[in-house]
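In: sequence below, structure please.
(2 chains)
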Amino acid sequence: ETGVTQSPTHLIKTRGQQVTLRCSSQSGHNTVSWYQQALGQGPQFIFQYYREEENGRGNFPPRFSGLQFPNYSSELNVNALELDDSALYLCASSKGGQVATYEQYFGPGTRLTVT
Amino acid sequence: SQQGEEDPQALSIQEGENATMNCSYKTSINNLQWYRQNSGRGLVHLILIRSNEREKHSGRLRVTLDTSKKSSSLLITASRAADTASYFCATDEGGGFKTIFGAGTRLFVKA
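Out: Numbering: from 1, shown residues only, chains lettered A, B, ... in the order given. Just a heads-up that it's a prediction; the model follows:
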């Protein structure tokens, strides 16, 4: 089990609403990345944060945004929820600023259902 | 878009047998990683292999990388029921600032 935690575990929202998901990084890690995983698919990279700045982004619209705090914890915010946003959201922490260069430690995920 | 594509999509074997999964990718990489996921939960890092390496071992795992063919393989020897999971390869993109996962191989090990 990694030291990465996520909250909440499950969440149900209505289309058009906004949601905030939270992640606490493993101790000593300064980089956090977020992924969306639809059922039966691989994780899709949303973005990564290093020292409180976004420095890598996947093919997700601007309504997906994030924050990283000085203690390296992070939030993922999704505005104007759509039905297709229903998925497992995973965060991962790593060291070094380039998420794909080092092994990533994943949290257990937040299951978001949009109705 | 997905950079890595695993093959086969699903694999069912008996306990004690070896399991081999393959991953192909499209663009040049600096490293490739393999992850395991149990029951739709968080992923667990298995092994990282850099582009200048050809083979790497970790316990019962053996990973190979062929950059000329843009492919990698993961071999699990003497499989156990506890190895039942989905296995994903992940490659770096954008100078290491993005991780791209494939769709995964679902492995089922029968006791």
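In: excluding its backbone neighbours, what's nearest residue 11?
Out: No chain was given, so I picked chain A. A:Leu112 (5.1 Å; Cβ to Cβ, 6 or more residues apart in numbering or on different chains). C-betas here are computed from N, CA, C, even on glycine.
In: should've been chain B
Out: Distance criterion Cβ to Cβ, 6+ apart; nearest residue to B:Leu11, sequence neighbours excluded, is B:Leu107 at 5.0 Å.
In: picking up where we left off before, the residue nearest to A:Leu11 bridge partners, please.
Out: With beta bridges defined as DSSP bridges, A:Leu112 has these partners: A:Leu11, A:Ala87.
In: that one is in contact with A:Tyr89, isn't it?
Out: Yes - between A:Leu112 and A:Tyr89 there is a contact under Cβ atoms under 8 Å: 5.9 Å.
In: helices of chain B, start to end?
Out: For chain B, no helices are identified by DSSP state H.
In: measure how buried residue 11 is and give me the count.
Out: Went with chain A since none was named. For A:Leu11, the count of nearby residues is 15 (other Cβ atoms under 10 Å in any protein chain shown).
In: wait, I meant chain B there
Out: Neighbour count of B:Leu11, defined by other Cβ under 10 Å: 18.
In: for chain A, which segments count as strands?
Out: A:5-7, A:10-13, A:19-24, A:31-37, A:44-50, A:53-57, A:64-68, A:74-78, A:87-94, A:105-106, A:110-114 (DSSP state E).
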